[in-house]
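**Student:** Show me how the following folds:
(one chain, ligands or ions: 3)
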Amino acid sequence: MNLASAAGITLEALRRRCAGVALLTAAEDTAPYLSDHRRLYHGRALAVALPQTVAQLAALMSCCHELGIGVVPQGGNTSYCGGATPDESGQQLVIGLGRMNRVRAIDAANFSMTVEAGCLLEQVQRAAAGAGCYFPLELGSAGSCQIGGNLATNAGGLNVLRFGMARDLTLGIEAVLPDGRVFQRLRSLRKDNTGYDLKSLLIGSEGTLGIITAATLKLWPQRHGSSTAFVAVADVGAAIALLALLRGAAGERLNSFELLPRAAIELACRYIPDTRAPLGTASAWYVLCELGSFVDEQLDELLQNTLAQATSAGLVQDAAIAASEAQRRAFWNLREAIPEAQRRAGPGVKHDISVPVSALPAFVAEASAWVAGHVSEGTLVAYGHAGDGNLHFNINWLGGAASAADVAAQEPVIRRAIHDLVAAHGGSISAEHGIGRLKVAELQRYTSAVELDMMREIKRALDPKGIMNPGKLLGS
Ligand code: FAD
Ligand code: MLT
Ligand code: ZN
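**Tutor:** Residues are numbered from 1 along each chain as shown. Ligands and ions are numbered 1, 2, ... in the order given. Next up is the predicted model:
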């Protein structure tokens, strides 16, 4: 039997046994699901399935398990490592979660909410605000990524310093396992020591162990106020010293601490409309930091005093504190514009690394020197969540300095050099974006044999037929 008729028979079986699940097969319908948003990966698929209920998805998975069909869960398709794109075989089934998008419950007194996986992150934030609460996960992609995708990648973002990663914000998970069984653990408890933490295993598993269908999330009271500063610092060492000063003075009120090089500000101002540099002082590095509080406090005064102290200590060259919500928004828009500006500026290489915060200055010095010595036409645009030790250590080829093909040819050597330096500093080659397809070989290189064995054993135990997102994370 040829592949086309085998696919036809498989589809027929899925249609028969999974009534109610929309199965898209027409090229114009499936196209948006077959490439990642950076257009690095282009796959083919048997079909795209769009279940609306857990029961439908469970039936679908049970059928895929029986027939040995590989499945690729897909949320908002905003991730960076190709984890949501099917391979080129045309034999895998993409399962889109977008139709499972109900807010099931909000328990304001318990500071928790239960939402379905297909809810957009922005929808979750709004629903929490509507109930007088605050859900702190914040990413530039909030309007298009889904909470299921956030949990599957254990997303980080702009508020990790104070509130933690997606995993830290989760109390319970519901998921459909590879054989169609439903893992129901939507408890909204802060304390629950009853055996292995299975929900944490599913979080960050990038669709390789099961499909997350809903989650119970932690909420906070609505923030009472914030104070946001854009600060010019001489170098990364000064930024890290400022971080320590702010943590000492503001404690838990320090929500965000982002490090931005001048190159990133210039790119954003050049390529993204309505952005402008907040400070006249030209500096090599800037910090965007924010204090937040749940009670009525003089946050501007606290931030101002701490920045004055930092200026006296020679750490700060210039600073502006947002005088209005509009100005605060403008600071953050500038920060959030950087990935899109980089995309428009020309081909590039992205890294999503973390090292201990104390090692950031030495890492940046060594890695920058390597780039200057080996990638002379490239412009370093290393920015990110320095408060968490996480930088997007990216390099762009501006103004036609190289073609995308030339950059792709250089990428393996660059990646190896940067990641070896990360490893030498005790860091991680994927701080928040995950492994997907892009970093399968990197995971193998920088992870111990014992850890890899444990991961493979877990994968085999939960997905013995290897149908969950084949080729991703651990590879084949
Ligand atoms: P997808 O891209 O659809 O999928 C990601 C992975 O999760 C895939 O492996 C997929 O198979 C799996 N998956 C998706 N849904 C499910 C599910 N329900 N069950 C099981 N597996 C599933 N990321 C950060 O961490 N921090 C940032 O600051 C950040 N900023 C960004 C800014 C921009 C402008 C953009 C475009 C992206 C940014 N990202 C950031 C990356 C991305 O938005 C996150 O990784 C996000 O969590 C992915 O969610 P998604 O719904 O788009 O997932
Ligand atoms: C960010 O922090 O802006 C993202 O995680 C990185 C990116 O979008 O390139
Ligand atoms: Zn980031």
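**Student:** Where does the residue in the chain that ligand 1 sits nearest to fall, secondary structure wise?
**Tutor:** Ranked by C-beta to the nearest ligand atom, the top residue of the chain for proximity to ligand 1 is Gly149, at 2.0 Å. Where C-beta positions appear, they are placed from N, C-alpha and C, glycine not excepted. Using DSSP states H and E, Gly149 maps to helix 147-152.
**Student:** after that helix, next one along is what?
**Tutor:** helix 160-163.
**Student:** any idea how far stretch 311-318 is from the chain center?
**Tutor:** 33 Å (C-alpha atoms, centre = their mean, to the nearest Å).
**Student:** contact partners of it?
**Tutor:** By C-beta atoms under 8 Å, 6 or more residues apart in numbering, the residues outside stretch 311-318 that reach it are 231-234, 238, 241-242, 245, 279-281, 283, 307, 310, 319.
**Student:** SS state for the nearest residue to Ala250 once chain neighbours are set aside?
**Tutor:** Spatial nearest neighbour of Ala250, chain neighbours left out: Leu291 (5.2 Å); criterion: C-beta to C-beta, 6 or more residues apart in numbering. Under DSSP: H, G, I helix; E, B strand; the rest coil, Leu291 falls in the strand class.
**Student:** returning to what we had before: and the helix holding Gly149, what other elements does it pack with?
**Tutor:** strand 71-74, helix 121-130, strand 211-218 (3 or more C-beta pairs under 8 Å, 6 or more residues apart in numbering; DSSP states H and E).
**Student:** Nearest residue to the middle of the chain?
**Tutor:** Centroid-nearest residue in the chain, with C-alpha atoms, centre = their mean: Ala155, separated by 3.8 Å.
**Student:** what residues are up against the residue nearest to that one when sequence neighbours are not counted?
**Tutor:** Closest residue to Ala155 apart from its sequence neighbours, by C-beta to C-beta, 6+ apart: Ala166 at 4.8 Å. Going by C-beta under 8 Å, 6+ apart, Ala166 touches 137, 150-151, 153-156, 203.
**Student:** Equivalent analysis for Phe331, please.
**Tutor:** Contact partners of Phe331, counting by C-beta under 8 Å, 6+ apart, are 228, 230, 278, 288, 322.
**Student:** anything in stretch 156-175 near ligand 1?
**Tutor:** Yes - applying C-beta under 6 Å from any ligand atom, one finds stretch 156-175 in contact with ligand 1 at 156-157.
**Student:** Can you give the distance of that stretch from its chain's centre?
**Tutor:** 11 Å.
**Student:** Does the helix holding Gly149 reach ligand 2?
**Tutor:** No - using C-beta under 6 Å from any ligand atom, helix 147-152 stays clear of ligand 2, with a minimum separation of 12.0 Å.
**Student:** hang on, isn't Ile458 packed against Leu201?
**Tutor:** Yes - in terms of C-beta atoms under 8 Å, Ile458 counts as a neighbour of Leu201; the distance is 6.9 Å.
**Student:** Need the residues touching each of the two.
**Tutor:** Leu209.
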